[in-house]
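> Generate coordinates for the sequence data below:
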Amino acid sequence: QRKLMLMVVGGMCNSQIADALGVAPSTIDRQIYRLGRHCLLYHLEMMKRRPRLQEVILDSFVSFEHSQYHPFHFHLAVAPKSTFLPYFTDSEVRRSGRMTEAQKCKREQLEKLRGCPNPKAVRKDVHELLEFICRDLEQVTLHTDDHREYPLAIRPLKCRIRHIVTSSKERRDYLNRLFEMNLWDLLFRHGDAAHKRETIAYVKRRGSAALRLAIFLVWKNYLRPKRKRKVKPTPAMLVGLCQRALTVGEV
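Below you'll find the model as predicted:
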């Protein structure tokens, strides 16, 4: 399991892991599902002592399942000081952006056959994420980009939200308010073969992508230091959930 977890977060796809370990790809698929479900349960157990995060950064990570006609968003929230990620949700969305006429026709055919994603899915799932984070809190400072659905997701919350918007066109360096989220997205895209640009290792089902994200979340929160060279404590240590960095065996 230690080798499997490190390979999953190290940018290897399932077939590469199978070749490296000398087993069938179906064995790796099954073991990743088991490991992903275990990581979800482990994180939920740890979150019974949920840290009270007074400031978070919210963003949506864009990917697709099966083909680019089936995009989805992972909605992530990160505490800027500790880089701890408490929770995530996902939304199926409609393909958008620049398309040829043939691509538009194919999208219409697929939507007639399989239905169109809920146009309010992003708003609903971002609200669920924020509701979990803001539970039992009076006020939270929330940093986001200028996505138009975020204010609508914030509006029904009982907690007072100090919403600070940073344009997505601003330079994404360490001076950017969204820097820690941008770095988290960068690490996740680097560490998961399915989300690399122009990859052939894309996920076939959104559920398997969520399980891989759960594995990455546990590794990043509980095992890996916040900064490999400079800040040795893990994010879980910085929010008071752990006294030391955990090992794969302990997880």
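> So residue 235 sits against residue 84, correct?
Yes. Counting by Cβ atoms under 8 Å, residue 235 touches residue 84, with 3.8 Å between them. Yep, even glycine has a C-beta here, placed from its N, CA and C like the rest.
> Overlap in contacts, these two.
By Cβ atoms under 8 Å, 6 or more residues apart in numbering, residue 235 and residue 84 have these common neighbours: residue 221.
> which residues touch residue 153?
122, 123, 124, 126, 127, 130.
> Recalculate using a threshold of 7 Å.
Residues near residue 153 by Cβ atoms under 7 Å, 6 or more residues apart in numbering: 123, 126, 127, 130.
> And it, how close does it get to residue 117?
Using Cβ to Cβ, to the nearest Å, residue 153 is found at 16 Å from residue 117.
> swap in residue 244?
As for residue 244, its distance to residue 117 is 43 Å (criterion: Cβ to Cβ).
> circling back: just the contacts of residue 153: which are in helices?
123, 126, 127, 130 (DSSP state H).
> pLDDT wise, what is the closest residue to the third one other than its chain neighbours at?
Okay, so that is residue 127. Of all residues beyond its chain neighbours, the one nearest residue 127 is residue 153 (4.2 Å), with distances taken as Cβ to Cβ, 6 or more residues apart in numbering. Residue 153 is assigned a pLDDT of 95 by the prediction.
> isn't there a helix covering residue 153?
Yes. Residue state for residue 153 (DSSP: H, G, I helix; E, B strand; the rest coil) corresponds to a helix.
> What is the lowest-mean-pLDDT helix or strand in the chain packed up against?
For the chain, scoring each helix and strand by mean pLDDT, DSSP states H and E identifies helix 2-8 as the least confident one, at a mean of 88. For helix 2-8, the packing partners by 3 or more Cβ pairs under 7 Å, 6 or more residues apart in numbering; DSSP states H and E come out as helix 14-21, helix 25-46, helix 206-218.
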